[in-house]
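Chemist: task: produce atomic coordinates for the following.
(2 chains)
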Protein chains: 2
Amino acid sequence: MVVGPACSLAKEATLGFGDVSLENKQPWGTPCTQLLVFVATPGCDGFPSLDSKEGYKLSVSEGSVLLSADSVWGALRGLETFSQLVGRDENGTYYINETEIVDFPRFPHRGLLLDTSRHYLPLRAILETLDVMAYNKFNVFHWHIVDDPSFPYESLTFPELSKQGAFNPMSHVYTASDVQTVIEYARLRGIRVIAEFDTPGHTLSWGPGAPGLLTPCYLGKDPSGTYGPINPVLNSTYQFVADLFQEVSAVFPDFFLHLGGDEVDFTCWKSNPKIRDFMKEMGFGEDYKKLESFYIQRLLDIISSLGKGYIVWQEVFDNEVKVRPDTIIHVWKEKGTPYMEEMANVTKAGYRALLSAPWYLNRISYGQDWIAAYQVEPLKFEGSPEQKERVIGGEACMWGEYVDVTNLAPRLWPRAGAVAERLWSNATVRDLKDAYARLAAFRCTLLGRGVQAQPLYVGYCENEFGGF
Amino acid sequence: MVVGPACSLAKEATLGFGDVSLENKQPWGTPCTQLLVFVATPGCDGFPSLDSKEGYKLSVSEGSVLLSADSVWGALRGLETFSQLVGRDENGTYYINETEIVDFPRFPHRGLLLDTSRHYLPLRAILETLDVMAYNKFNVFHWHIVDDPSFPYESLTFPELSKQGAFNPMSHVYTASDVQTVIEYARLRGIRVIAEFDTPGHTLSWGPGAPGLLTPCYLGKDPSGTYGPINPVLNSTYQFVADLFQEVSAVFPDFFLHLGGDEVDFTCWKSNPKIRDFMKEMGFGEDYKKLESFYIQRLLDIISSLGKGYIVWQEVFDNEVKVRPDTIIHVWKEKGTPYMEEMANVTKAGYRALLSAPWYLNRISYGQDWIAAYQVEPLKFEGSPEQKERVIGGEACMWGEYVDVTNLAPRLWPRAGAVAERLWSNATVRDLKDAYARLAAFRCTLLGRGVQAQPLYVGYCENEFGGF
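Modeler: This next block holds a predicted model:
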């Protein structure tokens, strides 16, 4: 393997068939085939970004394999493709057919969301998922790291958050070292890590470790003992948020943070007399969306001042919060406005859009439900070419209500592969019969790589999971 | 542990918390607690049966635990209960509360069906399932061993069946030794193994290894090259069936065989001129149910002559096949006659009934679908007390269209536990909140025993699957 300057990244790229290094062995037998990798833009110590060039050319001919790419990120995609082209015949001999491939992604943001709050996912499960994401050419790990049920992120600034808010503050947490491990493991596979600290709702687990942060709910004249969203009327709230996000911005190198902003329940705010007073003072009337906007706008200002960009769930747009023009709106709702109409609205307003609504893979039904995910066409809405350009991709979501390490892998794979292909390949690649054959064969490849990917339908793989 | 005569079975009973033997260690710390087991009926080298007594009494008091049972099968159930009563406090010390338990099953047949034809399940997966069945007090493994897609059973009499009909005749088969391993592993856990060789439909995989067995389908005047159900008009068919079932009867020690008999598609029979000639000859007119009955009756005569009893799917009853009065009818259909009406009809006709219709656990939906399985009441039909007595139990079914070793365990557990409790416990045990708490705690116990049981809902276990 030839890479311009010494480049740890490409050397460490896992090729998927065992841990065979291409440099030292010729796993597909003699005559030896040499793999040459050319990367036009040197440098591989940085992080992938939304602008990374992931295209590559792969040319396999007798005695030589040439892989060329603009960037090391494209080279990684090409190595993955190469590894999937290597077959094995009945005698166990590896082989590869001659081929010429020019390949590049249709969308630059191809993400997968994991939820580590409703159930804790051990570090190992996250790393294994990153492996399989790379096999599927996903390039964004959206880490929905905290939420109502638990706060597993160990904050250096506010250690009480996980001490009081994790399911178990010793075992069910992500230490600073764990987080760095995830980020570096992802980087080596060309995957960005975008952390989500969702506010002002979805924060119940923050409460015990951050006294005064959440809104006390009232029952009549007295506090009920329960808490609602973050309290948006206190200065202390914004100080806390600024301090926490300063840490988060430093820990997660990606330019973007995901700020959440979804499903804010106004009931508790409405019950609290101090919040009601503030509403009057600000002239918000009975429109609690204005209070939500007030909070979000101050939050966005904080994030901007930290030099970060942001992604928010669609409610922030729906509720007409004033956001920076470069904000990315994440479309997720299945009910209410049809999601394709929402995509049209978001892009017409000039914002970039990410699609997830049809790709909630935590939702399951009996049978081949990968088909519905595959048949989605992200640009099938009324809009100008400029609007279509603003769709930067999408994300498959694996929310954690019913998912933990016991069922994560079989529920994700190969179903998420249908989303990955939709986001990578040309829009014309839609034939279901072909896709089935491809996905079923790829699933057998995944089993060979030790991934607990479930079957699409009746049949078998030569290597069943875990051996015989 | 004291067991009357030397009894390998009780000694080998796995107690579930590690592989700690009760005889050698006191895993719950000092002072030592002695477990005494009294079994009224000696002998433990036989096989469990439909008539096995599974009741037991367990008395835990300071310094001693007394377990008494009529039979060793009851003692096994009591040991399982005992193991689930042992807790562990924060310091890692084992403890058990004082208690008096008198326990026995409501139904004698509490089964789980695995399908090893649509996907092959490695031996290891079957044995692990038997372990978890014992934890759940299931006592019948219904082995749907062959079907249309593959024939993994290695027959000594007809070795070509698996050579030609298995997905892979080397790796995807159950050898005679595998089958013996399953039967003995099950026996040691008080579990009966009932094999199903489903005929005359569901036999496509039999064809290549048994020339002349299946009906050649016709397109107009010529054979189409495809095959239908077993050909019921040839004498050679009955010779083959007699020889195969002679072997099967010898291999599987349980008194009962499951003979299938479901979903016979008449299209191919109708297309075949020789079948049509036979229909005329026999005076069956256009009623192909009569031809099906003709086949089934000859099959049942063969099985009876082998000294075995039989279970058949409900179509055999629906199609008015003349069966022995001691036949067990297995109710599975969700469409057509409501299954509770079918239960009433079957028992009114004097047959014993097994319920599976509401317990197809391969079918999944998003959310807590264990609740529907739990809420079933098998005796909720119009009928006399005598009819109710004829309901011998039920089976949870895990058909294999979308299930193999990658997703079997999380799809089964703890969902099948809801069925297990319905079949074991008193009909009055129905409170959903209690059941949730019990099942969620039991699921954590399962994780501690290494079972990949999926979560019921948001939360955590101290020991997550696979560790941290």
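Chemist: in the stretch 251-400 of chain A, where is pLDDT below threshold?
Modeler: Applying pLDDT under 70 to the stretch 251-400 of chain A flags no residue at all.
Chemist: quick one: the strands in it, in order.
Modeler: Per DSSP state E, counting those that start in this stretch, the stretch 251-400 of chain A has strands spanning A:256-260, A:309-313, A:328-331, A:352-355, A:391-398. These are given in chain order.
Chemist: make CSV out of those and add distance to B:Val376.
Modeler: C-beta: built from backbone N, CA, C; applies to glycine. Formatted as CSV, those follow (distance: least, Cβ to Cβ, whole Å):
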stretch, distance to B:Val376
strand A:256-260, 41
strand A:309-313, 39
strand A:328-331, 40
strand A:352-355, 40
strand A:391-398, 31
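Chemist: what's the closest of those to chain B?
Modeler: For the strands of the stretch 251-400 of chain A, the distance to chain B is smallest for strand A:391-398, at 12.6 Å, taking Cβ to the nearest Cβ.
Chemist: what angle separates the closest one from strand A:256-260?
Modeler: Angle of strand A:391-398 versus strand A:256-260, following axes from the mean of the first three to the mean of the last three Cα atoms, to 10 degrees, is 60 degrees.
Chemist: how far does strand A:391-398 sit from its chain's centre?
Modeler: Its chain's C-alpha centre and that of strand A:391-398 lie 7 Å apart, by Cα atoms, centre = their mean, to the nearest Å.
Chemist: burial count for A:Asp222?
Modeler: As a burial measure, A:Asp222 scores 8 neighbours (other Cβ atoms under 10 Å in any protein chain shown).
Chemist: that older thread, and the strands of the stretch 251-400 of chain A as a markdown table, adding mean neighbour count and distance to A:Thr41?
Modeler: Compiled in a markdown table, the strands of the stretch 251-400 of chain A are given as follows (neighbours: other Cβ atoms under 10 Å in any protein chain shown; distance: least, Cβ to Cβ, whole Å):
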| stretch | mean neighbour count | distance to A:Thr41 |
| --- | --- | --- |
| strand A:256-260 | 25 | 22 |
| strand A:309-313 | 22 | 22 |
| strand A:328-331 | 26 | 25 |
| strand A:352-355 | 25 | 24 |
| strand A:391-398 | 24 | 21 |
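Chemist: make JSON lines out of these and add distance to chain B.
Modeler: Shown next, in JSON lines, are the strands of the stretch 251-400 of chain A (distance: least, Cβ to the nearest Cβ, whole Å):
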{"stretch": "strand A:256-260", "distance to chain B": "18"}
{"stretch": "strand A:309-313", "distance to chain B": "20"}
{"stretch": "strand A:328-331", "distance to chain B": "20"}
{"stretch": "strand A:352-355", "distance to chain B": "20"}
{"stretch": "strand A:391-398", "distance to chain B": "13"}
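Chemist: what about the stretch 1-150 of chain A, any weak spots by pLDDT?
Modeler: Looking at the stretch 1-150 of chain A by pLDDT under 70, you get A:1-32.
Chemist: quick one: the helices in it?
Modeler: In the stretch 1-150 of chain A, the helices defined using DSSP state H, counting those that start in this stretch lie at A:8-12, A:72-85, A:123-135.
Chemist: which of those helices sits most buried?
Modeler: With neighbours taken as mean count of other Cβ atoms under 10 Å in any protein chain shown, the helices of the stretch 1-150 of chain A reach their highest mean count in helix A:72-85, at a mean of 23.
Chemist: returning to that earlier point: between the helices of the stretch 1-150 of chain A, which gets nearest to B:Pro358?
Modeler: helix A:123-135 (33.3 Å; Cβ to Cβ).
Chemist: before we move on, back to that, figure out which of the helices of the stretch 1-150 of chain A is closest to chain B.
Modeler: The minimum distance between chain B and those falls on helix A:123-135, with 7.1 Å, by Cβ to the nearest Cβ.
Chemist: next one: the nearest residue to A:Ser71 once chain neighbours are set aside from chain B, what distance?
Modeler: Among residues not flanking A:Ser71 along the chain, A:Lys53 sits closest, at 4.6 Å (Cβ to Cβ, 6 or more residues apart in numbering or on different chains). A:Lys53 is 35 Å from chain B, where distance means Cβ to the nearest Cβ, to the nearest Å.
Chemist: neighbours of A:Lys53, how many?
Modeler: With neighbours defined by other Cβ under 10 Å, the count for A:Lys53 comes to 18.
Chemist: on that earlier part again, nearest to B:Glu386, out of the helices of the stretch 1-150 of chain A?
Modeler: Of the helices of the stretch 1-150 of chain A, nearest to B:Glu386 by Cβ to Cβ is helix A:123-135, at 53.8 Å.
Chemist: give me the contact list for the closest one.
Modeler: If you take Cβ atoms under 8 Å, 6 or more residues apart in numbering or on different chains as the criterion, helix A:123-135 is touched by A:14, A:16, A:76, A:80, A:84, A:112, A:114, A:116, A:139, A:141, A:174, A:178, A:181-182, A:185-186, A:189-191, A:405, A:408-409, A:412-413, A:445-446, A:449, A:451, A:453, B:466, B:468.
Chemist: switch to 7 Å and redo it
Modeler: A:16, A:80, A:112, A:114, A:141, A:178, A:181-182, A:185-186, A:189-191, A:405, A:408, A:413, A:446, A:449, A:451 (Cβ atoms under 7 Å, 6 or more residues apart in numbering or on different chains).
Chemist: just those that are near chain B?
Modeler: A:Val405 (Cβ under 7 Å from any Cβ of the partner chain).
Chemist: show me the contacts of helix A:123-135 that map onto strands.
Modeler: Within the contacts of helix A:123-135, residues falling in strands by DSSP state E are A:112, A:114, A:141.
Chemist: chain B: which of the residues you listed is nearest?
Modeler: Nearest to chain B among the ones in strands among the contacts of helix A:123-135, with distances taken as Cβ to the nearest Cβ, is A:Leu114, at 14.8 Å.
Chemist: let me see the contact set for the residue nearest to that closest one when sequence neighbours are not counted.
Modeler: Among residues not flanking A:Leu114 along the chain, A:Met398 sits closest, at 5.7 Å (Cβ to Cβ, 6+ apart). For A:Met398, the contact set (Cβ under 7 Å, 6+ apart) comprises A:113-115, A:361-362, A:408, A:411-412.
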